[in-house]
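Asks: Give me a model of this one.
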Amino acid sequence: MARQAGGLHVIPYHGPPTPLESKRRRFRLAAIPPSTTTSTSTLPRLPPAPYRFDAMDHVVDVPTSSLSISPSPTPAPVASTSTAVPPSSSTMPLNTPPSATLASTTQASYDLLDARSHAIWNRLTEEKQEDKGTAPAYKRHYISYQTWWATDQARIQAENTQYVPIPALPITPAKVVVFLEYEMARPQKRKLPDGKDSTSTCGSSHGSQVINALEHYRLHNQHEYRDIADTQQILRSDPRVKAMEKGFQESEPERTKKSHALKAVGTNADTFQASDLSRMSIAKLFETKGGKSGIWRGHRDRGMTLTSCSAALRGDSTRAMLWSDLGSHDVPMVAKGPGCSVKALIFRADQSKSNKTGRVDEHGAFRHFDVTVCPVGAIAFFFYTHFHILKASVPDFAPDFDDDEFGEYGHRQWYDLHLFSSAMDCTKEMVYATHRYNVKNMFQAHNVNISKVTHAGRGYTAKTARENRASSTEVKALGCWNESGSYRPCYDHALPLEAVLAAGGFDGKRPESHFLARETLQPPDDVVEALFPFVEPELDMLATRRGNKRQAEDYALTDFLKMLIWFRTVLVQDAALLYVAHPEAELWNYPPFHSPSFRNFARTSATAIKRAEEDASLQLKNLPHQIAETFRGMVTQLHVEQQLNHEKNEARSARMYAMIQDTLALSRPSKRSKVQESDSVVPRAQSTSYNSLDVSAMSFDTSAICFGTPELSFDASAIPGLALGVSTTNVAVDASAMTVTNPPFPSFDSGDFDFNFDLPAPSTTPQLCEEQQTALSFLNSTLLPPSSSSALPLLPTTSSDIPQRPIPAPPPLAATPAIHSGSFLRRPPPLLRQRKSGSGGHEPDPKSPPLAMSREQEAEWCHLAQLYGEDRLRRHEWEASASSSKIGKQLIPYYTFQSVSTILDLWVEYSTGANGHLPIRTLDEVWGAHWRRGNRSEANTHCRRSKLWKLVQDLSAKRNWNTDLALRFIREKYQDAREPNGQARFSTSRSFCDWLTKKQNGTTGFDVAMNESDTYIR
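Replies: Reported below is the predicted structural model:
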């Protein structure tokens, strides 16, 4: 509603409008005829467009009698400087109202702000792509698109003179579809090994990259074309673009052609052979071109190649590796004997594209059986060339505590040193183009023709490990390939022994056969001590710094320096063998390999290695592999037999427990109404009356009652009345005065068990504490009918109340072996709960009787308990699955989202579980949406909270981020953030989740959070 102030009619206006909104308002308001009277019930008279604003950004209507209306001047173009300069009075018409001048300069300021924000966005994107091959690839596709589009438009115009050419910009889905048709049909722009042009068409990865490149440029320039609707549409949201991308993926003839080409050039599984790798390694090892710097680059490239080919590292992970990512670790090798271990080189990598949980992947490598392709020796030789041939200075390992940007632990300069750097001072990370160029040249020099370049080592590692009998699961763990579930990425940090052995040239299935002959060589002390002489002084200085200040501790430095000590022995042992094979190499002219001590050691090393190999062969003959396999088979068979006997005993114990439970249930009086049939283990006879049931003779020896022992046993704590601490030796259950309508047991001739235990009854009254007395009172009040005449205690109060009467034997057990192995369970599996009927059918019904598990369900319960823990499972109530064929599960847990007090509690509930329950991530991975049982409220809560889970996962996947850093960012920016007035920015976790979902000015809070993380100072 308009208001009148000082002769001006003011229409409230909230914030500056977008250009499209301004145009819409002008057309809407201009259609209203001016009014001759002023009334609060009618709209005010509006001046001719364009409208003007006052100092509060309100549309102002100035009476024509006081001011003459003149057209508003065109806003001045936005300057490229960082601050807006308002137009001078000389550039504005003399009769321009002050409000119009203010509106013009305000719009110019907003235009400048918009331009600055896009400039920041473009700069951050360029920095992110700076060290990758993404930027040049995108630029190449962008230029190709513009060039082809101009040529195509010229061709169409030549065919039709009436045709008006369409410019290549702005990028729209229609233009991209036409360009993709050309890209799908054109041949590849590359040369074959014989020098001819390739006739193969582009594959699916090329089509996806073209769409990514054009989408990148469309997104970063769409703000310049706001009035064109097609420029605001995401390319892959257009069905035409989707169809073209799918067309690339369905090019089966091209894949067949590629397969034929690989067979023609002699490749196997699109990877090189071991002989190819050995040739390339030796050539780089004795590189002489370029002097000392050429030797350094040769050993750098050799180390990159062998590291990738032994640890299955990705190209980006290899390039991003730092000095501080290296270390050594003693891996237990129990198969070789008690206390035996083998030292492994550890590579820590967190830059992998497959890393979605923020973890730090640990890759490992043993010393290779073949010295020419040993990755440990290659890294050792690289550091030798760096410190002894280039004579590079030792970096400053001391932290700089005066640098405020790095917190209390200071700036550690050596953390920024790259292992495979493009600069000899190791301060610059190698870019993708340089890496690819070096590998391609190496492949071409040795006639290696494969499609992979920087990722070639991953395929070679997988192939070699599988050929050396490592399992596919172990190979996946070695290369950190993705697997479903959270166990591998979050909890499993042990090296895959089989795969690491197999990648080192050993038998992955026989770790006891691991033997490296050159490890038996004893290098000369003077040669060893001449290598890396700075290590011991640096360790002493580290100890001094640590003693003076706790924050000076540096575990990464300790691992690195100890690794260099190990490298001393590795270097001399490997160099001895390489010197014998290549004595003419220039590498041996540098100290300490030019010394007579080393030369004499190398000449005798061949004899020592031969003697060590003969000794190892003799040991294997004394204990043949067949004998070991025989003993292993005998032990395995014995273990299986013991396990079957144990399962049989467990089944008997479970039946015994069920019969006792059924006996106690029969103590309740039944009505004359129709009795519901039960599938209990103990059948019930009908129309038989007992005036008195005495089960006091049920006296059991509970000294060994416990699930988990090989003897016949059951959990006494799970039976009502036996867990009250009555006696640890003899427990008697008395119900001598109970009146029941059904007998507890029918007559049987034989059975597996005899309940007639001849054991003395307790001679003294059990001593019960206050808590046990309360539990006993509750038990008597719930298990017996509420009658004053018949309500007798379930347990005896004195020993005189216990008559000795034998109990009939139970029915014979079926000779069916148990399905599950629950020896680790402390209690039998719980009873199943049925759902409520009607609208509340997603919750357990407390009125419905619980059901016992079937054998298949018990087996699944034991399996789940092994995976997630029995205590976690018992925090849930369980239901038999009605759709087990769909989800492959017999049991489904009940769960209700827990109340949380902070934002980060949502992540705790998702990742590790709240209040001892199973994590939401596990519920989703194992049972999908079935555990919510169609509960719309739970589904809405799941959808809302999933925004926070996705935010943590996306932040953790960012470069140099992990889960801990993502949680700290959310806590500082949102959970603990305060408004200027002191109020919390988000009062509840739900308000934060809602903020992540809602759009404001076309941007969701999720996008805002991701953008804020780019400028987060850690």
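Asks: buried ones in stretch 878-894?
Replies: Of the residues in stretch 878-894, 878, 879, 881, 884, 889, 890, 891, 892, 893 count as buried by neighbour count, 16 or more other CB atoms under 10 Å. To be clear about C-beta, it is placed using only N, CA and C from the backbone, and glycine gets the same treatment.
Asks: of those, the lowest pLDDT goes to which?
Replies: In terms of pLDDT, the lowest of these is residue 884, showing 60.
Asks: rewinding a little: how about the buried residues of stretch 878-894, which pair is most distant?
Replies: Farthest pair in the buried residues of stretch 878-894 (CB to CB) is 884 and 893. Separation: 14.1 Å.
Asks: what's in contact with the strand ranked longest in the chain?
Replies: What stands out as the longest strand in the chain, according to DSSP state E, is strand 341-349. Identification of contacts with strand 341-349 by CB atoms under 8 Å, 6 or more residues apart in numbering yields 307, 311, 313, 317, 320-321, 325-333, 360-366, 375-376, 379, 495, 500, 514, 559, 563, 566.
Asks: tell me which element residue 244 is part of?
Replies: Following DSSP states H and E, one finds residue 244 within helix 239-249.
Asks: Now tell me what touches that helix from outside.
Replies: For helix 239-249, the surrounding residues in contact (CB under 8 Å, 6+ apart) are 173-174, 176-177, 180-181, 184, 202-204, 206-208, 211, 235-236.
Asks: cutoff 10 Å now
Replies: With contact meaning CB atoms under 10 Å, 6 or more residues apart in numbering, helix 239-249 is reached by 173-174, 176-181, 183-184, 201-208, 210-211, 214-215, 233-236, 238, 254.
Asks: are any of those residues buried, and which?
Replies: The neighbour count (16+ other CB under 10 Å) marks 173, 176-177, 179-180, 183-184, 201-204, 207, 210-211, 214-215, 235, 238, 254 as buried among the contacts of helix 239-249.
Asks: Roughly how far does residue 1000 sit from residue 983?
Replies: 19 Å (CB to CB, to the nearest Å).
Asks: Then residue 291?
Replies: Counting by CB to CB - residue 291 and residue 983 are separated by 67 Å.
Asks: same thing with residue 870?
Replies: Residue 870 is 45 Å from residue 983, by CB to CB.
Asks: ditto for residue 962
Replies: Residue 962 is 31 Å from residue 983, by CB to CB.
Asks: who has more neighbours, these two?
Replies: Taking other CB atoms under 10 Å, residue 962 and residue 983 do not tie; residue 962 has more neighbours (18 against 9).
Asks: Read off the pLDDT value for that one.
Replies: On the pLDDT scale, residue 962 is placed at 90.
Asks: now do the one 10 residues further on
Replies: Here the pLDDT value assigned to residue 972 is 89.
Asks: Please enumerate the helices of the stretch 401-550 of the chain.
Replies: Assigned by DSSP state H, counting those that start in this stretch, the stretch 401-550 of the chain shows helices spanning 432-445, 456-467, 472-479, 487-490, 497-503, 525-529, 535-548.
Asks: of those helices, which approaches residue 125 most closely?
Replies: Closest to residue 125 of the helices of the stretch 401-550 of the chain is helix 432-445 (CB to CB; 16.4 Å).
Asks: what does that closest one contact?
Replies: 131-137, 193, 272, 276, 279-281, 283-284, 297, 300-302, 304-305, 308, 315-316, 318-319, 420, 422, 430-431, 448-450, 452-457.
Asks: Chain neighbours aside, what residue packs nearest to residue 387?
Replies: The shortest distance from residue 387 to any non-neighbouring residue, by CB to CB, 6 or more residues apart in numbering, is to residue 532 (6.4 Å).
Asks: Residue 565 too?
Replies: residue 535 (5.8 Å).
Asks: Over to residue 599?
Replies: residue 579 (7.6 Å).
Asks: what sits against that neighbour?
Replies: Per CB under 10 Å, 6+ apart, neighbours of residue 579: 585, 587, 588, 593, 598, 599, 601, 602, 603, 605.
Asks: Next: residue 843.
Replies: 833, 835, 836, 877, 894, 896, 933, 935.
Asks: Where is pLDDT lowest across the residues you listed?
Replies: Per-residue pLDDT puts residue 836 lowest of those, at 76.
Asks: what's the closest non-adjacent residue to that one?
Replies: In space, residue 836 is closest to residue 845, 4.3 Å off (CB to CB, 6+ apart).
Asks: count of residues packed around that neighbour?
Replies: Residues near residue 845, counting by other CB under 10 Å, number 14.
Asks: for it, phi and psi?
Replies: The phi/psi pair for residue 845 (degrees, to the nearest 10) reads phi -90, psi 110.
Asks: ok, residue 527 touching residue 595?
Replies: Yes - the pair residue 527 and residue 595 passes the contact test of CB atoms under 10 Å, sitting 6.5 Å apart.
Asks: what is in contact with these two at once?
Replies: Taking CB under 10 Å, 6+ apart as the criterion, residue 527 and residue 595 both touch residue 601.
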